[in-house]
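Colleague: Prediction below, plus the sequence it came from.
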Amino acid sequence: AVDRMLANTLHNQTVERLDAILRAVLRVGAYELMSQKEIPARVIISEYLDLAHAFFSGSETKLVNGVLDKIAQDLRPDEFK
């Protein structure tokens, strides 16, 4: 379910072709957005963005932010009104 959600959000890339660390960050972040409803989506996105910055300095961090933000808005639209 997590990989399907990521694939729908990535459009031009497949989950399997992502860097292993980037793939792991996105998978865990998406899973947490799905399962940890008591934690605000923006907090989860911020935490995984910080994690991405620990490993990447390029466009990967923008990808993490964009993908997790899109997933959060799809899963928790009330938090973004």
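Modeller: Looks like it arrived, so ask away. Numbering: from 1, shown residues only.
Colleague: Distance check, the residue sitting nearest the centre point of the chain against residue 36.
Modeller: Among the residues of the chain, residue 68 comes closest to the average C-alpha position under Cα atoms, centre = their mean, at 2.9 Å. Separation of residue 68 from residue 36 (Cβ to Cβ, to the nearest Å): 13 Å. Every residue, glycine included, has its C-beta placed from N, CA and C.
Colleague: between the two, what contacts are shared?
Modeller: residue 44 (Cβ atoms under 8 Å, 6 or more residues apart in numbering).
Colleague: If we go by neighbour counts, what in the one helix or strand the residue nearest to the centre of the chain maps to is buried?
Modeller: Under the criterion of DSSP states H and E, residue 68 resides in helix 60-75. Of the residues in helix 60-75, 60, 61, 63, 64, 67, 68, 69, 71, 72 count as buried by neighbour count, 16 or more other Cβ atoms under 10 Å.
Colleague: For those residues, give me a markdown table that also has pLDDT.
Modeller: Listed next are the buried residues of helix 60-75 as a markdown table, based on pLDDT from 0 to 100:
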| residue | pLDDT |
| --- | --- |
| 60 | 95 |
| 61 | 97 |
| 63 | 95 |
| 64 | 97 |
| 67 | 97 |
| 68 | 98 |
| 69 | 97 |
| 71 | 97 |
| 72 | 97 |
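Colleague: which SSE is the residue nearest to residue 44 when sequence neighbours are not counted in?
Modeller: Nearest non-adjacent residue to residue 44, counting by Cβ to Cβ, 6 or more residues apart in numbering: residue 32, 5.1 Å away. If you go by DSSP H and E, residue 32 is part of helix 20-35.
Colleague: follow-up on the earlier one: verify the contact between the residue nearest to residue 44 and residue 46 for me.
Modeller: No: counting by Cβ atoms under 8 Å, residue 32 sits too far from residue 46 to count as a contact (11.8 Å).
Colleague: helices or strands up against the lowest-mean-pLDDT helix or strand in the chain?
Modeller: Ranked by mean pLDDT, DSSP states H and E, the helix or strand of the chain with the weakest confidence is helix 2-10, at a mean of 94. Helices and strands touching helix 2-10, by 3 or more Cβ pairs under 8 Å, 6 or more residues apart in numbering; DSSP states H and E, are helix 20-35, helix 60-75.
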